[in-house]
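In: next one to model:
(one chain, ligands or ions: 1)
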Amino acid sequence: MKARFGIVVFPGTNCEMDTYHVLTRVLGQDAAYVWHQDRAPDPYDCLILPGGFSYGDYLRTGAIARFAPVMERVAEHAARGGLVLGICNGFQILCEAGLLPGAFQRNRSLRFVCGWTHVRVERADTPFTAACAPGQVLRIPVSHGEGNYYVDPETLARLEARGQVLFRYATPDGEITPESNPNGSVANIAGITNEQGNVLGIMPHPERAAEAVLGSEDGRLVFLSVIRYLSEGRAVRV
Ligand SMILES: NC(=O)CC[C@H](N)C(=O)O
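Out: As a prediction, the model looks like this:
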């Protein structure tokens, strides 16, 4: 059975078509766009908040999008155990909405960064990483101005202890170094889940690295993990 993905679109989102393309044409799944004003979208197995500049990144990236009507539905879906995947701007929105801990600051360089990064998979026993090997290094690009993830030290210690850090910026060999960190994120964090493990925020763009012609297929593994998890009947469709 195909998994059914809902791709949430805010004014200023710009990665929804790439995500749709990968899910449907590359991976053969069902996907549909969900408009930001939609309070009651159809049932989906997984809601994706794609990248972009929702509401022009005014005030602070994600700060306005979190008040969009659709976010009530996203929170409800997450509260019932449904899968939610926030990519880049989606990650920022999930933090602003309180569905993930932490916040984003301007990149340490104060410059927009756009280019290839490597991220190490810290856990491969989650719905978002089950198709990866533990410690596997994925080559996935970043593209952001406010990607500098921050959490206070106590929250960070809790995230680490509970295994909520799923991806860290690393060298191609999987070493965690300051040089491999493109934006100054604390502990080289590139992706985290909520405590329950059903909401993921990831800063690099897996949908931009899902076809060999684009230079890497590694990003597929994130979507394939979700598809595998859902096909095992562990979906909560709300
Ligand atoms: N690619 C994106 O999602 C951009 C992220 C965000 N708007 C930023 O520049 O920080």
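
In: contacting residues for residue 144?
Out: 51, 88-89, 107, 112-113, 183, 203 (Cβ atoms under 8 Å, 6 or more residues apart in numbering). C-beta coordinates here come from the backbone N, C-alpha and C atoms, glycine included.

In: among these, which ones are buried?
Out: 51, 88-89, 107, 113, 183, 203 (16 or more other Cβ atoms under 10 Å).

In: point out the ones among the residues you listed that are inside helices.
Out: residue 89 (DSSP state H).

In: could you dump the buried ones among the contacts of residue 144 to TSV with pLDDT and distance to the ligand?
Out: TSV is the format used below for the buried ones among the contacts of residue 144 (pLDDT from 0 to 100; distance: Cβ to the nearest ligand atom, whole Å):
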residue	pLDDT	distance to the ligand
51	98	3
88	98	3
89	98	4
107	98	8
113	97	9
183	98	9
203	98	9
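
In: quick one: which of the buried ones among the contacts of residue 144 sit in strands?
Out: The strands, defined by DSSP state E, take in residue 113 from those.

In: what is the nearest of the buried ones among the contacts of residue 144 to residue 35?
Out: Closest approach to residue 35 among those (Cβ to Cβ): residue 89, at 16.1 Å.

In: hang on, isn't the closest one packed against residue 63?
Out: No. Residue 89 is beyond contact range of residue 63, at 11.4 Å (criterion: Cβ atoms under 8 Å).

In: intersection of neighbour lists for these two?
Out: Contacts common to residue 89 and residue 63, judged by Cβ under 8 Å, 6+ apart, are absent.

In: quick one, what contacts the closest residue to residue 41 other than its chain neighbours?
Out: Of all residues not flanking residue 41 in the chain, residue 34 sits nearest, at 4.4 Å (Cβ to Cβ, 6 or more residues apart in numbering). Shown in contact with residue 34 (Cβ under 8 Å, 6+ apart): 6-9, 41, 44, 47, 70.

In: ok, now residue 221?
Out: 129, 131-132, 136, 138, 206.

In: my guess is it is in a strand, correct?
Out: No. With DSSP: H, G, I helix; E, B strand; the rest coil as the criterion, residue 221 is helix rather than part of a strand.

In: pLDDT wise, what is it at?
Out: pLDDT recorded at residue 221 is 98.

In: how near is it to residue 107?
Out: 26 Å (Cβ to Cβ, to the nearest Å).

In: any low-confidence regions in the protein?
Out: Applying pLDDT under 70 to the chain picks out residues 234-238.

In: farthest-apart pair in the contacts of residue 34, please.
Out: 9 and 44 (13.4 Å).

In: stretch 180-188: end-to-end distance?
Out: Start-to-end span of stretch 180-188 (Cα to Cα, to the nearest Å) is 8 Å.

In: same question for stretch 135-153.
Out: 24 Å.

In: up against the ligand, what does the protein have?
Out: Residues of the chain lying near the ligand by Cβ under 6 Å from any ligand atom: 51-53, 57, 61, 88-89, 143-147.

In: cheers, nothing more for now.
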